[in-house]
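[1] Attaching a predicted model along with its sequence, questions to come.
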Amino acid sequence: MQKTSYYSGRTGRAKATLLGILLVCTSFPAVVFAAQQAGLMEDLSGHYSRDGNNGSPSKTAGNNIYIKFFADRWVGMLFIPYPYATGVDDPVVTQVFEAARKQASSAALMKGKFGLLSEAATIQIERYGYLEDRIVFECGSLAPCTIKMGDGSLELIKPGVINEHIVRYSHVATP
């Protein structure tokens, strides 16, 4: 009696695809758990303010710098011109971030008043990811910037030609 094979190539590919989807779905919670264990779960409330805003670093750079994390792994860096920035309240900074994020459907570099400021500010919005114990995103420098999260603060590490530049930011909770 002759044997009949009911196997087709499509069945094998479908099984491999389903197995791949299953592996991705089951490994995703592990990635989130690993990020939580490493202390990488960024705070989506409020924003982070550069240590030295309203001081000599702002005078030298010409602006105050703020960072905010958004849902779905977006990060924004806001540059408000100094000395105008000294009169901008923290809730307004968070509102500017939210207004700019609503305008950007993808990564963007925008300049404007965003209906809240009397002088134009610049904001950069980018996607970010995780690499080991750090957050990584494009920040317009030689290589991607990394963020090391701390308790109520973060350190932004920007690559330089000779040395890395490490800038500390403190969390600002706003209503």
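    Sure thing, it's come through.
[2] buried sites along stretch 93-111?
    For stretch 93-111, the buried set under the neighbour-count rule, 16 or more other C-beta atoms under 10 Å, comprises Val93, Thr94, Gln95, Val96, Phe97, Ala99, Ala100, Arg101, Ala104. All C-beta spots, glycine's among them, are computed from the backbone N, C-alpha and C.
[3] Can you lay out those as TSV showing secondary structure?
    Output for these, formatted as TSV (DSSP: H, G, I helix; E, B strand; the rest coil):
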residue	secondary structure
Val93	helix
Thr94	helix
Gln95	helix
Val96	helix
Phe97	helix
Ala99	helix
Ala100	helix
Arg101	helix
Ala104	coil
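[4] mind listing the helices in this protein by residue range?
    Using DSSP state H, the helices of the chain run over residues 9-37, 56-61, 90-103.
[5] related to what we said a few turns ago, can you redo the buried residues of stretch 93-111 as TSV, where the extra columns are pLDDT and distance to Tyr82?
    Converted to TSV, those look like this (pLDDT from 0 to 100; distance: C-beta to C-beta, whole Å):
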residue	pLDDT	distance to Tyr82
Val93	97	14
Thr94	95	19
Gln95	96	20
Val96	97	16
Phe97	96	18
Ala99	96	21
Ala100	96	19
Arg101	95	23
Ala104	92	24
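[6] of those residues, closest to Ala120?
    Of all the buried residues of stretch 93-111, the one with the least separation from Ala120 (C-beta to C-beta) is Val96, at 11.0 Å.
[7] now stretch 50-64, how far from the chain's geometric center?
    21 Å (C-alpha atoms, centre = their mean, to the nearest Å).
[8] Check what contacts it and list those residues.
    49, 65-67, 79-83, 85-86, 88, 121-122, 167-170 (C-beta atoms under 8 Å, 6 or more residues apart in numbering).
[9] Filter these down to the buried ones.
    Buried, going by 16+ other C-beta under 10 Å: 49, 65-67, 79-82, 85, 88, 121, 167, 169, out of the contacts of stretch 50-64.
[10] Out of those residues, give me the two with the largest separation.
    Using C-beta to C-beta, the two most remote members of these are Val88 and Val167, lying 19.3 Å apart.
[11] follow-up on the earlier one: now tabulate the buried residues of stretch 93-111 in a markdown table and tack on distance to Lys148.
    Output for those, formatted as a markdown table (distance: C-beta to C-beta, whole Å):
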| residue | distance to Lys148 |
| --- | --- |
| Val93 | 22 |
| Thr94 | 23 |
| Gln95 | 27 |
| Val96 | 25 |
| Phe97 | 21 |
| Ala99 | 28 |
| Ala100 | 25 |
| Arg101 | 24 |
| Ala104 | 26 |
